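Engineer: Compute the structure for the input listed below.
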Amino acid sequence: MLKKEWDIPEDCQDFAFDITEHMPIEDLLFTADMCITDYSSLIFEYSLFERPMIFYAFDLDQFYDYRGFYYPYDYSFLPGPIVKTNEELINAIKQGKADPTVISDFRERFMGACDGRSTERIADYIMSQNSEY
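Structural biologist: Residues are numbered from 1 along each chain as shown. Model prediction:
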C-alpha cells in the first residue's frame, strides 16, 4: 500500500484530519459514509457497503497515458460520478447521492461471492470430492 503524507492547510484543520496512522484502511472503509477515491481498487470492497462513491480523477488523461486500465474508467463501469476539479468534487459531496441500483449491480458483478459462506462452500466441495466423509 502506498501512502503519501498530507499537509492539511491550517484553514482546513478544523474539519479535515489524517487519521491513517491511527486507524487501518479496513476500519476507515467500514465507518465512512462516502468513498472519495481516484483509481484505487478499494472500490470493490467498499461496494459491499452499498454507499456512495465519488471518483476524483483530476489527472485522468495523464493516468490513461501512463498506466491504463483493465476496465473503462467511465460511467459504464464506475458506480459513481467522475469529477476532475475541486468544484466538481465539492458539488458531488454536497449532493451525496448515489444510484443504489448501479452500486448494487457493481457489487454483485465483482463481489457477489462475498456472502459469508465461502468456508461452507469449500467444505462442501471437499466433501463432494472424497466419499470417505
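Engineer: hey, let's count contacts and neighbours off CA atoms from now on
Structural biologist: Will do.
Engineer: and the spatially most central residue of the chain, which of the three is it?
Structural biologist: Centroid-nearest residue in the chain: Ile43, 1.9 Å away (criterion: CA atoms, centre = their mean). For Ile43, the assignment made with DSSP: H, G, I helix; E, B strand; the rest coil gives helix.
Engineer: ok, now which ones touch it?
Structural biologist: Contacts for Ile43 (CA atoms under 8 Å, 6 or more residues apart in numbering) come out as 35, 37, 53.
Engineer: Which one (most neighbours) among these?
Structural biologist: Taking other CA atoms under 10 Å as the neighbour criterion, Met53 ranks highest of the contacts of Ile43 with 25 neighbours.
Engineer: show me the contacts for the nearest residue to that residue once chain neighbours are set aside.
Structural biologist: Leaving aside its sequence neighbours, Met53 sits nearest to Cys35 (CA to CA, 6 or more residues apart in numbering; 4.7 Å). Contact analysis of Cys35 by CA under 8 Å, 6+ apart lists 29, 43, 46, 51-54.
Engineer: where's the dip in pLDDT among the contacts of Ile43?
Structural biologist: pLDDT across the contacts of Ile43 is at its lowest for Thr37, which sits at 90.
Engineer: Leaving out chain neighbours, which residue sits closest to that residue?
Structural biologist: The nearest residue in space to Thr37 (CA to CA, 6+ apart) is Phe55, at 5.2 Å.
Engineer: how about the one you found, what does it touch?
Structural biologist: By CA under 8 Å, 6+ apart, the contact list for Phe55 reads 36-39, 80-83.
Engineer: Just the buried residues out of these, in ChimeraX syntax.
Structural biologist: The following ChimeraX line selects those of those that are buried, judged by 16 or more other CA atoms under 10 Å:
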select :36,38,80,81,82,83
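Engineer: returning to that earlier point: the residue nearest to Thr37 in helix, strand or coil?
Structural biologist: Per three-state DSSP, Phe55 ends up strand.
Engineer: Distance check, it against Tyr71.
Structural biologist: According to CA to CA, to the nearest Å, Phe55 and Tyr71 sit 14 Å apart.
Engineer: try Ile122
Structural biologist: For Ile122, the distance to Tyr71 - CA to CA - is 30 Å.
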